[in-house]
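Enquirer: Compute the structure for the input listed below.
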Amino acid sequence: MGQERGRNRSAVKVWDLREFRNLDDTVELGTRNIKLALRRLRHFAREGAAEELDLDGTVKSTAHNAGWLDLKLVPERHNVVKLLLFLDIGGSMEDHIRICEELFSAARSEFKHLIHFYFHNCIYDTVWRDSRRRRVEQMPLMELLHTYDASWRIALVGDASMSPYEIEKEGGSVERWNDEPGAVWLRRLLDAYPKAAWLNPVPKKYWDGTASIGMIRRILEDRMFPLTLDGLDRAMRCLRR
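Expert: Prediction:
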């Protein structure tokens, strides 16, 4: 029941202290193409104070002002897409830390409006921002749903590899008792944020061999994509619709 030695991740429940670490968003990207793929999900608008030179406007205004220089300023252009990023952490996801850190780092640089949360295996009634303090600082999912409106898009990152009861049964969480199944909470999240996609670091050729991956895919209505450049591209196109 413990994790003091390896059991090929087959323990029914792990009752001893499990320590997860935060993903590092300062990791140098292994490839800039990850950032290029994320740029599919961008919509620019000018917001804030007028601090950027409007060259065309300045030239036009100066010409109409008898040659006297008339500087025109406009607000800076920003990507106004708002993204909630949910990252599975710990357990089997330890095998995918590098690619997840590269994705996290790219997302932080590409999206001005990005809020990240961590979960383990499946979405339940709470998520957290800091894995080092997750036992004392968790955010109830219902509070999250009331804090961020439906204009936010969501991306979930995880291998979706777990026992089926973690998704379909109350008490299925491997860490604590959950009164409602993970599937119920995941559907609540998707109902609140219709523009959603799941990114899976497990190669797609192995998906059919894991029952829980199929269950999550059905809940997402097949909006699961492999965590590859092509998968990222298709996921961003999905979130743009």
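Enquirer: Counting neighbours, which bits of the lengthiest helix in the chain end up buried?
Expert: Assignment by DSSP state H gives helix 97-110 as the longest helix of the chain. If you call a residue buried by 16 or more other Cβ atoms under 10 Å, then helix 97-110 has these buried ones: 99-107, 110. Quick note: C-beta positions are derived from backbone N, CA and C, even for glycine.
Enquirer: Dump the C-alpha coordinates for that helix into CSV.
Expert: The C-alpha trace of helix 97-110 is given here as CSV (Å, rounded to 0.1, in the frame of the first residue of the first chain):
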residue,chain,number,x,y,z
ILE,A,97,8.3,15.7,-17.0
ARG,A,98,10.6,17.1,-19.7
ILE,A,99,8.0,17.5,-22.5
CYS,A,100,5.5,18.9,-20.0
GLU,A,101,8.0,21.5,-18.7
GLU,A,102,8.7,22.5,-22.3
LEU,A,103,5.0,22.9,-23.0
PHE,A,104,4.5,24.8,-19.7
SER,A,105,7.4,27.1,-20.5
ALA,A,106,6.1,27.8,-24.0
ALA,A,107,2.6,28.5,-22.8
ARG,A,108,3.8,31.0,-20.2
SER,A,109,5.7,32.9,-22.9
GLU,A,110,2.8,32.8,-25.5
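Enquirer: List of residues touching the next helix or strand after it?
Expert: Going down the chain from helix 97-110, the next helix or strand is strand 113-119, by DSSP states H and E. Contacts with strand 113-119, where a contact means Cβ atoms under 8 Å, 6 or more residues apart in numbering, come from 20, 22, 79-89, 104, 107-108, 127-129, 131, 134, 139, 144, 148, 152, 158.
Enquirer: ditto for stretch 146-155
Expert: In contact with stretch 146-155 (Cβ under 8 Å, 6+ apart) are residues 41, 81-86, 115, 189, 192-199, 235, 239.
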